[in-house]
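Peer 1: What follows is a predicted structure for the sequence shown.
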Amino acid sequence: MGSVSTITGPVDFSAGPKATAAFFNKLNAAGGINGCQIAYEIADDRGDPLVATQAARNLIDNNEVVAMVRGASLLDCGVNAALYQRSNVLDVAGLGVDPVCYTSPSVSAVHPGPYTLSTAMLYFASQELGAEKVCAFNYVIGGWKEAMENALKDWEVITGQKLQVLDMTLPVQGDLTPYLIRARDEGCDAVFTNQVEPGIVQWINTAASLASIGLAVVLTIAVEQFLGRTRTGLQLRALSEKPMAAELLGIPVRRLAIGVWALSGAVTTLALMLIAPLRAPDFGSLSLLVVPAFAAALVGAFNSFRAALVGGLLIGLVEGLASGFVGLNQYRAAVPFLVILTVLLWSQRGARWDEAR
């Protein structure tokens, strides 16, 4: 038995083939079928049509498989269905994605497929959740486009509704910010996408990132206005500059200090609620959030909220750019440290220059 599956590449569909391998191992340990052991070989097509073709030919010609079992691939059916038919090899696909998985006589996918499920999910969004403006953002590989469009049209026929947005240009991997902004601008009540789990997580993380930026801008403006235009704000500024003199002038130092700590804690809690889902759920990862925060504050010299905001955005931008390069991705966490070092050296340039002279 064999399986051509997408394990590395744009998606990881390894769960199904691995479960099948575990089942066959258990079956073999119990004596096999009528004393015969089942050999099961999993080939990774990496989401590449050429690799998928080579993998299928190797399994058929060299491993002499008689059937493909529980494969889970983005494109195996579309690429290899004709080869399986010529070789008299049946493919019982566990996960069928390409439309050929449901039309070829040599392939029998055992799940309903992404197209029927797409119609069902849209129906749930509109009829059960009550979404009136449904937007669809899909990516297309191979012969998916026509089949996906037909699935969306089936929903429109069943419900009598029309999609607010139909965008078939979603990248398999890449930045989703432009698509999320478009969904917001179009007033979408629900967003439908044919991405698998990592892509869905990316949608959520992108939305959380945009919310974090918006919150940072709002808080920056609000705090600046509060400190510069209110009596309490001016008292806080006096307290931060000359605490003893402020107390002598009758400013309620203790009460203001308690209020500042309480407000800072509340804002920090809100920020963590937005940022924590984007980080690994462990103490080390979350505790290191103080490093980029300190770097951003240092850019603002601890007295300019706007400069600190710009510094934080630039640090995030550089980290994002670094993550796009394979060789630099592992060093993106070092960006805040480099910013801190650079700002400290720059702030001491006068003293260093005087020493050099």
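Peer 2: Perfect, I can see it now.
Peer 1: Now for residue 55, how many residues are close by?
Peer 2: Residue 55 has 25 neighbouring residues, counting by other CB atoms under 10 Å. (Glycine included, C-beta is placed from N, CA and C.)
Peer 1: Go ahead and confirm it touches residue 43.
Peer 2: Yes - between residue 55 and residue 43 there is a contact under CB atoms under 8 Å: 3.7 Å.
Peer 1: Give me the common contacts of those two.
Peer 2: Taking CB atoms under 8 Å, 6 or more residues apart in numbering as the contact rule, residue 55 and residue 43 both touch residue 4.
Peer 1: which SS state does residue 191 fall under?
Peer 2: strand (DSSP: H, G, I helix; E, B strand; the rest coil).
Peer 1: does it have beta-bridge partners, and which?
Peer 2: Per DSSP bridges, the residues bridged to residue 191 are residue 135.
Peer 1: right, and it touches residue 133 too?
Peer 2: No - assessed by CB under 8 Å, residue 191 is found out of contact with residue 133, at 10.0 Å.
Peer 1: Can you give me the pLDDT of the spatially closest residue to residue 66 that is not a sequence neighbour?
Peer 2: Counting by CB to CB, 6 or more residues apart in numbering, residue 89 is the residue found nearest to residue 66 once chain neighbours are left out, at 6.7 Å. Looking at residue 89, its pLDDT reads 93.
Peer 1: which ones are touching residue 89?
Peer 2: Neighbour list for residue 89: 60, 65-68, 83, 106 [criterion: CB under 8 Å, 6+ apart].
Peer 1: 7 Å instead?
Peer 2: 60, 65-68 (CB atoms under 7 Å, 6 or more residues apart in numbering).
Peer 1: Ramachandran angles for it?
Peer 2: Residue 89 adopts backbone torsions of phi -110, psi 130, taken as degrees, to the nearest 10.
Peer 1: Show me how far the host helix or strand of residue 262 is from its chain's centre.
Peer 2: Element membership for residue 262, per DSSP states H and E: helix 253-275. In terms of CA atoms, centre = their mean, to the nearest Å, the centre of helix 253-275 is set 30 Å apart from its chain centre.
Peer 1: Over to stretch 75-84?
Peer 2: Relative to its chain's centre, stretch 75-84 lies at 30 Å (CA atoms, centre = their mean).
Peer 1: Can you give the contact residues for that stretch?
Peer 2: 4, 45, 49, 52-53, 56, 68, 91, 93, 96, 98, 100-101, 104, 106-107, 141-143.
Peer 1: from those residues, which would you call buried?
Peer 2: The neighbour count (16 or more other CB atoms under 10 Å) marks 4, 45, 49, 52-53, 56, 68, 91, 93, 96, 98, 100-101, 104, 106-107, 141-142 as buried among the contacts of stretch 75-84.
Peer 1: Output stretch 306-325 as PDB - backbone C-alpha positions only.
Peer 2: Only the C-alpha atoms of stretch 306-325 are listed here, as PDB (Å, rounded to 0.1, in the frame of the first residue of the first chain):
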ATOM      1  CA  ARG A 306       4.800  59.400  20.000                       C
ATOM      2  CA  ALA A 307       8.400  58.600  19.500                       C
ATOM      3  CA  ALA A 308       7.900  55.400  21.600                       C
ATOM      4  CA  LEU A 309       4.900  54.400  19.400                       C
ATOM      5  CA  VAL A 310       6.900  55.000  16.200                       C
ATOM      6  CA  GLY A 311       9.800  53.000  17.700                       C
ATOM      7  CA  GLY A 312       7.500  50.100  18.600                       C
ATOM      8  CA  LEU A 313       6.000  50.100  15.100                       C
ATOM      9  CA  LEU A 314       9.500  50.200  13.500                       C
ATOM     10  CA  ILE A 315      10.700  47.300  15.700                       C
ATOM     11  CA  GLY A 316       7.700  45.200  14.700                       C
ATOM     12  CA  LEU A 317       8.200  46.100  11.000                       C
ATOM     13  CA  VAL A 318      11.900  45.000  11.100                       C
ATOM     14  CA  GLU A 319      11.000  41.800  12.900                       C
ATOM     15  CA  GLY A 320       8.300  41.100  10.300                       C
ATOM     16  CA  LEU A 321      10.700  41.700   7.400                       C
ATOM     17  CA  ALA A 322      13.300  39.500   9.100                       C
ATOM     18  CA  SER A 323      10.800  36.600   9.400                       C
ATOM     19  CA  GLY A 324      10.300  36.700   5.600                       C
ATOM     20  CA  PHE A 325      13.900  35.500   5.100                       C
END
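Peer 1: List the buried residues of it.
Peer 2: Neighbour counts over stretch 306-325 (16+ other CB under 10 Å) mark 307-309, 311-312, 315-316, 318-319, 322 as buried.
Peer 1: okay if I get those residues as CSV plus pLDDT, secondary structure and distance to residue 184?
Peer 2: Shown next, in CSV, are the buried residues of stretch 306-325 (pLDDT from 0 to 100; DSSP: H, G, I helix; E, B strand; the rest coil; distance: CB to CB, whole Å):
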residue, pLDDT, secondary structure, distance to residue 184
307, 81, helix, 28
308, 80, helix, 26
309, 79, helix, 21
311, 80, helix, 26
312, 79, helix, 22
315, 78, helix, 25
316, 75, helix, 20
318, 76, helix, 26
319, 73, helix, 24
322, 67, helix, 27
